[in-house]
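Enquirer: got a sequence here, can you model it:
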Amino acid sequence: MVQNDDQMKISILSSGSTGNVTYIETPQRKVLVDAGLSGKKIEGLMQSIGRDMTDVDDLLVTHEHTDHIKSVGILARRYPQLNVYANQPTWDAMLPTIGKVPVAQQHIFEMGALKSFADLDIQSFGVSHDAAAPQFYEFQHNGKTFVILTDTGYVSERLSAQISDADAYLFECNHDVEMLRMGMYPWPLKQRILGDKGHLSNEAGADGLMDVIGNRTKNVFLGHRSLHNNMKELCHLTVASMLKQHDFGVGHDFNLYDTEPDAALPLLSL
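Expert: Model (predicted):
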């Protein structure tokens, strides 16, 4: 019973091109990663999983794009207990757009640093994306690990080795390449998305997952799906098919979940 009470729990509150918020909790710490929706929407999503923003200790920011920081300032001003963490270039890039954040709530989380938050250890790592200094996070508690990796144009061998064999992943599968090429976006934007500092396609996401999934991996969440250049069914089918073709036990060794842009997934204990 004690072991069950000492689990890390996660919920993908929102993931997609329109907004991103992830919730992680341990017995001693409650953390949000990004705040890419309105404050009211985030409060509602928290309530939908039986949690309240007044209990959240920390807000970790990955980079300054609007779908990740929309209500960072609003939440900081509304909840004085909330400590906001980002690296210095990200702070410099987002402060002009998020409004005043009390100095006491501003904290630096350097890229590549490992920080301990009570019973939760968090490792940051850099990614290849067209932002000031984009970084994502690996969460460690009680022998369990959860990795968030979205908003990157590619996954290097070095990064794959660093984040391999986690218990759970939130992993980017942003677009279907043909839908993007045939879609409404202007060509420069298409080039940006397809480039090394853009986003992972469904196929590239599957390739990246094959490099990191290990024996410990039990849960994989497909994240940051484009509203215009992807479909949930297509994303899931592409990734599942590629993994199965390479003898990965989808549905047996691990579960493959779809995330939603406007609905929280139930709390999952790792």
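
Enquirer: where in the chain is pLDDT low?
Expert: Under the criterion pLDDT under 70, the flagged ranges of the chain are 1-4.

Enquirer: what sits against the residue positioned nearest the centre of it?
Expert: Taking C-alpha atoms, centre = their mean, the centroid of the chain lies closest to residue 148, which sits 4.2 Å from it. By C-beta atoms under 8 Å, 6 or more residues apart in numbering, the residues touching residue 148 are 22, 33, 62, 136, 137, 138, 139, 169, 170, 223. (C-beta placed from N, C-alpha, C; glycine too.)

Enquirer: now do 10 Å
Expert: Each residue near residue 148 by C-beta atoms under 10 Å, 6 or more residues apart in numbering is listed here: 10, 12, 15, 20, 22, 24, 33-34, 60, 62, 136-139, 163, 168-172, 221, 223.

Enquirer: quick check: phi and psi at it.
Expert: The phi/psi pair for residue 148 (degrees, to the nearest 10) reads phi -110, psi 120.

Enquirer: longest helix of this protein?
Expert: The residue-count maximum for a helix in the chain (DSSP state H) belongs to helix 232-245.

Enquirer: identify each buried residue in the helix or strand following it, please.
Expert: Using DSSP states H and E, the helix or strand that follows helix 232-245 in sequence is strand 255-258. For strand 255-258, burial by neighbour count (16 or more other C-beta atoms under 10 Å) applies to 256, 257, 258.

Enquirer: how about residue 211, nearest residue that isn't a chain neighbour?
Expert: residue 160 (4.1 Å; C-beta to C-beta, 6 or more residues apart in numbering).

Enquirer: what number of residues lie near the one you found?
Expert: Other residues near residue 160 come to 16 when the count uses other C-beta atoms under 10 Å.

Enquirer: wait, what's in contact with it?
Expert: 149, 207, 208, 209, 210, 211, 212.

Enquirer: are any of the residues you listed buried, and which?
Expert: With burial judged by 16+ other C-beta under 10 Å, the buried subset of these is 149, 207, 208, 209, 210, 212.

Enquirer: among these, which pair sits farthest apart?
Expert: In terms of C-beta to C-beta, those reach their longest pairwise distance at 149 and 210, which sit 13.7 Å apart.

Enquirer: mind telling me what element residue 42 is part of?
Expert: Residue 42 belongs to helix 39-48, assigned by DSSP H and E.

Enquirer: name the residues that touch the next helix or strand after that helix?
Expert: Next helix or strand after helix 39-48 toward the C-terminus (DSSP H and E): strand 58-60. Around strand 58-60, the neighbours that count as contacts under C-beta under 10 Å, 6+ apart are 21-22, 24, 29-35, 53, 69, 71-72, 75-76, 79, 81-86, 105, 107, 109, 115, 117-118, 120, 122, 124, 135-137, 139, 148.
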